[in-house]
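> got a predicted structure here, sequence first:
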Amino acid sequence: MYDYGSHSEEQLIRKAKRGDVKAFSELYARIYKELYRFALYTMKHPQDAEDAVSETVIAAYENIGKLKKETSFRGWIFKILVNCCKKHLQQVCRTEQLNEEMAVQEVSQEENYDVREAFMRLEEVDRMIVSCSVFEGYSSDEIGEILELKPATVRSRKSRALEKMRGML
Amino acid sequence: MSWDNKELESMHAGNQNKDKNEINEELVEKRIRQQTEKIEVPESLCPESIEKLLQEKKQESEKTGKKQVRRKYGYTVAVAVCCALAVGVAVWSRSGHSEEKTVQTADMAGNSEKQKTENSENGSAAADSSEKYAETKIASAKDYDEIYQYLREENEGNNIGGSAGNVTESIQYSGNRGLASSDNAAAAGASSAEKAVLGSESASAAGYSDTNVREDGVSEGDVVKTDGKYLYILNNQKVQIVSIEQEKMEQLGTVRLDDDQYISEIYVQDGKLLIVYTKTEYNDGGDGYGGMYKQYTVAETYDVSNPKKPESLGKVTQSGDFYTMRVRGEYVYLLSNFYADMSAGKNDTDAYIPQVQGKALASDSIYMPQYKRGSQYTVISSFSLKNPDKKAESKAIFGCSGMVYVSKDSIYVCEAVFDSKESDVTQTCIRKITYEDGSLEAVGQTKVDGTLNDSFSIDEYEGNLRIVTTVSTAGNSGVTPIIRFGDANGIQEGSNALYVLDKNLKMIGQIEGLAKDEQIYSARFMGEVGYFVTYQQVDPLFSVDLSNPEKPEVTGTLKITGFSEYLHPFGDGLLLGIGMDVDETGTATNGVKLSMFDVSNPEGAEEIQKYLLEDCYSTDISHNYKAAFIDIKKQLIGFSGYGQGQHYYIFTYGDAGFQCIFDRELNGYSEARGLYAGDTFYLVSGNTVESYAPGNWEKLDDIVL
């Protein structure tokens, strides 16, 4: 149904900036799975992931006029998504943190988990770190900037988180 | 699932430079990627569904045609060059109005169409972009109903994009809370930089130092004050008076306020101590629900002629959070920010009309914004220290409260707005209120492209207003405050501009397109010369010749690494810069940097000395100029900085450059202030005061309050 399928990203962004919904949707179509995957493994509930992505897409649509480099749609929308997730997590973190910690203790290292379960055994900030790194390939410095953490903190948290996950996977 | 040894081995073999942990990490990452490749995306997020959703949104917004006025955040900016700026003014009169509210006008860009908001019925604000606001009149509210309409407008605007909110809001100016006021520099009225010196000059003449202020000749409150005989110290809920007449300090009187009163600043003049605080009252709404918190700013004056027994002489109260205060002559100007209760009913005027001394301001004392919506006020009241229980006059500037700059005779309220229907760049609305001996009079308003860095970016000299702004497309507005990093949106093409407006806010001179892709970090106007620092990777210090206000001209740019966050005239053709040193790649800061620029050559400045405080990563001056102690006669520069803990540093400046002569680690973290009285230097931090002998900097005494 997309007659824009063959357009370059640059062309699509230019059209989208002029308010072309179809062009915007085509841009979205090219990456929506990645967006959702990121949200799914970062957010605790699939519903929250869904909300984060739809909030992101609306924000991106309304703000695409401000996207300056016409080649970087993906990086741009991901940053919006990361912030949306961060915002959601901050809202729920207080109530959930305790449960998470308790859950981790019950887990025996030998058991295998599916990846999503493994993610959920991590603290939220670690989930963000791992998702940013694994799915988006951001460097520790970039992640630090996004999450307002020192790069060294990101590196050590990431190592510990991955080590933990290695035990679970 | 188990880990495949072969897989591990092959990775080890191929990555001899990596340690085992790194390889393990990569392996886990790879596994996660593999296992998460297939996921099912919910129906609602499929491109088809999203396209439908967006189409609906688009239609909806076309129907309502809401204006989008958005907030711009302090941190951002830098972006595309402006499209013509159009500001103008037009004489404004509304029948049945007293003359008082009329005012100014001018046609700034040769463009004098009526602003849409006026003709407003044209519903679809789809505004063709060529139609720019042209006028610049300032009008007071017809009645409370009109204000209520604006509130409703704001409210609806908010709801439209859901969380995406099309909101008019003021910028969060990053800097200097004290904002508004004074500029030692421009001050002087001298045409040359060297005369344009320091507030602290006058102070040292009197034998003690005063708060570093924005505008020479306009006094400001702070957390520590002295009159040469006593120190007045704000210490949590108390203001304490310490005698410094003898080498041994002695604590005399204390004023203690109730716990629901938060003291912001104190001020001392002519045997009177002014304490400014914000008081929060909870109103339960009468029936147990619908209760809300109300905040009042209170300026309470005490007679301290007997410092052991301060006595209250009366107070002036007004709605809102304390913002700043200024004193000129015997008159105090108190400014607060009042947020209207957006859910208020129309008859509940108390909830959305500001009060002064318990009485609602009349509608003709409330000035309306240039756009047709609003939610906040900057409330200004004046009173005499001789009659500190009576207000002299009050006005409120309605819209979205912003930064305030106070010159020797005018108060400029500046708010940053972005309205995508009117301009694709962020803009600054400026409203001018003149003051004299307690009277307040609205003069006019205008709008220029770009946003201000802090109150040093705007400056009045010989009646003209000079402004430097960073012009950017509306970068980080809207939606979630998202994206303020990286290249995706945070740093965009942008440029900087300098405007000169005459006393009626008519634009008479301008330079645009300066320093592309950079943003202003600091500025200082010194008489007929202006300096500002932009930054991206290197720090150009721009010199601008403003001797002909209609033809401002950039006379020099000096590129050095790092950037100055605060500029201060330092006597004889010198300009002091305090900021950060940044490595050549522009990515890492090396520490706090002091620079001395020789500005005696109008063709451009030269950095003649610098000093790097390596283990210090920020100073209080970067966000509050009052934290600076600068005494040009004594050639001293003092401030507190953060590295391993908080330190107070004092530097001398002389032929040998900067020398650190005092470095004291403070206990805990607090607002620290250094000041002089007589021959003694006092360091106040938290509840301790220490005194030092200058020269050898040996400690003379200390006292814990």
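Great, that's in hand.
> what are the buried residues along stretch B:460-467?
B:Glu460, B:Tyr461, B:Asn464, B:Leu465, B:Arg466, B:Ile467 (16 or more other Cβ atoms under 10 Å in any protein chain shown). Just so you know, the C-beta spots here come from the backbone N, C-alpha and C atoms, and that holds for glycine as well.
> oops, could you answer that again for stretch A:7-20 instead?
A:His7, A:Glu9, A:Leu12, A:Ile13, A:Lys15, A:Ala16, A:Asp20.
> what's the most distant pair in the buried residues of stretch B:460-467?
B:Tyr461 and B:Ile467 (11.6 Å; Cβ to Cβ).
> need the phi and psi values for the spatially most central residue of chain A.
By Cα atoms, centre = their mean, chain A has its centre lying nearest to A:Phe38, at 3.8 Å. The phi/psi pair for A:Phe38 (degrees, to the nearest 10) reads phi -60, psi -50.
> please enumerate the helices of the chain.
Just going to use chain A. A:9-17, A:21-42, A:46-63, A:73-106, A:115-120, A:124-136, A:140-147, A:151-168 (DSSP state H).
> wrong one, chain B
Going by DSSP H, chain B shows helices at B:5-14, B:20-35, B:47-64, B:116-119, B:144-160, B:184-187, B:199-206.
> compute the mean per-residue pLDDT across the fourth one, please.
Going back to what we said before, that points to helix B:116-119. The average of the pLDDT scores along helix B:116-119 is 34.
> hmm, which helix or strand of chain A has the shakiest average pLDDT?
Taking mean pLDDT, DSSP states H and E as the measure, helix A:73-106 is the helix or strand of chain A with the lowest mean score, a mean of 63.
> enumerate every residue touching the spatially closest residue to B:Ile433 that is not a sequence neighbour.
Nearest residue to B:Ile433, sequence neighbours excluded (Cβ to Cβ, 6 or more residues apart in numbering or on different chains): B:Ile411, at 4.5 Å. Applying Cβ atoms under 8 Å, 6 or more residues apart in numbering or on different chains, one finds that B:Ile411 lies in contact with B:Ala180, B:Arg326, B:Tyr333, B:Leu335, B:Ile380, B:Val404, B:Tyr405, B:Lys432, B:Ile433, B:Thr434, B:Tyr435, B:Leu440.
> next one: B:Ile411 from B:Thr470, what distance?
Distance of B:Ile411 to B:Thr470, given as Cβ to Cβ, to the nearest Å: 23 Å.
> likewise for A:Phe119?
41 Å.
> any idea how many residues pack against B:Asp145?
12 (other Cβ atoms under 10 Å in any protein chain shown).
> so it touches B:Lys346, yeah?
Yes - the pair B:Asp145 and B:Lys346 qualifies as a contact (Cβ atoms under 8 Å) at a distance of 7.4 Å.
> least confident of the helices of chain A, on average?
helix A:73-106 (a mean of 63).
> any buried residues in stretch B:344-360, and which?
Applying 16+ other Cβ under 10 Å to stretch B:344-360 flags B:Ala344, B:Thr349, B:Ala351, B:Tyr352, B:Ile353, B:Pro354, B:Gln355, B:Val356, B:Ala360 as buried.
> who's in contact with that stretch?
Residues contacting stretch B:344-360 (Cβ under 8 Å, 6+ apart): B:144-145, B:147-148, B:151, B:292, B:316-320, B:338, B:340-341, B:361, B:366, B:377, B:379, B:381, B:390-391, B:394, B:396.
> which of the buried residues of stretch A:7-20 sit farthest apart?
Across the buried residues of stretch A:7-20 (Cβ to Cβ), the longest gap, 13.6 Å, separates A:Glu9 and A:Asp20.
> and A:Phe38, what does it touch?
Contacts of A:Phe38 by Cβ under 8 Å, 6+ apart are A:Phe78, A:Leu81, A:Val82, A:Cys85, A:Ser131, A:Phe135, A:Glu136.
> now do B:Ser439
B:Ser382, B:Ala392, B:Glu393.
> same question, B:Leu594
Contacts of B:Leu594 (Cβ under 8 Å, 6+ apart): B:Leu576, B:Gly577, B:Ile578, B:Lys610, B:Tyr611, B:Leu613, B:Ile637, B:Phe651, B:Phe658.
> just checking, the fifth one touches B:Cys660?
Yes - at 7.5 Å, B:Tyr611 counts as touching B:Cys660 under the criterion of Cβ under 8 Å.
> state the number of residues packed around the closest residue to A:Lys158 other than its chain neighbours.
Excluding the flanking residues, the one nearest A:Lys158 by Cβ to Cβ, 6+ apart is A:Ile129, at 5.0 Å. Here the number of neighbours of A:Ile129 (other Cβ under 10 Å) works out to 29.
> partners of B:Glu698 in the sheet?
B:Ala693 (DSSP bridges).
> what separation do you get for it and B:Lys634?
B:Glu698 is 17 Å from B:Lys634, by Cβ to Cβ.
> next one: B:Lys229
From B:Lys229 to B:Lys634 the distance is 20 Å (Cβ to Cβ).
> how about B:Ala656?
Taking Cβ to Cβ, one finds B:Ala656 at 16 Å from B:Lys634.
> quick one, which of those two is more surrounded?
It is B:Lys634, of B:Ala656 and B:Lys634, that has more neighbours when counted by other Cβ under 10 Å, with 15 against 8.
> any low-confidence regions in the stretch 451-600 of chain B?
Applying pLDDT under 70 to the stretch 451-600 of chain B flags residues B:474-493, B:536-539, B:584-588.
> tell me the domain boundaries of chain B?
Under the assignment automatic domain parsing, the domains of chain B span B:5-33, B:184-704.
> picking that back up, looking at the contacts of B:Ile411, which are in strands?
B:Arg326, B:Tyr333, B:Leu335, B:Ile380, B:Val404, B:Tyr405, B:Lys432, B:Ile433, B:Thr434, B:Tyr435, B:Leu440 (DSSP state E).
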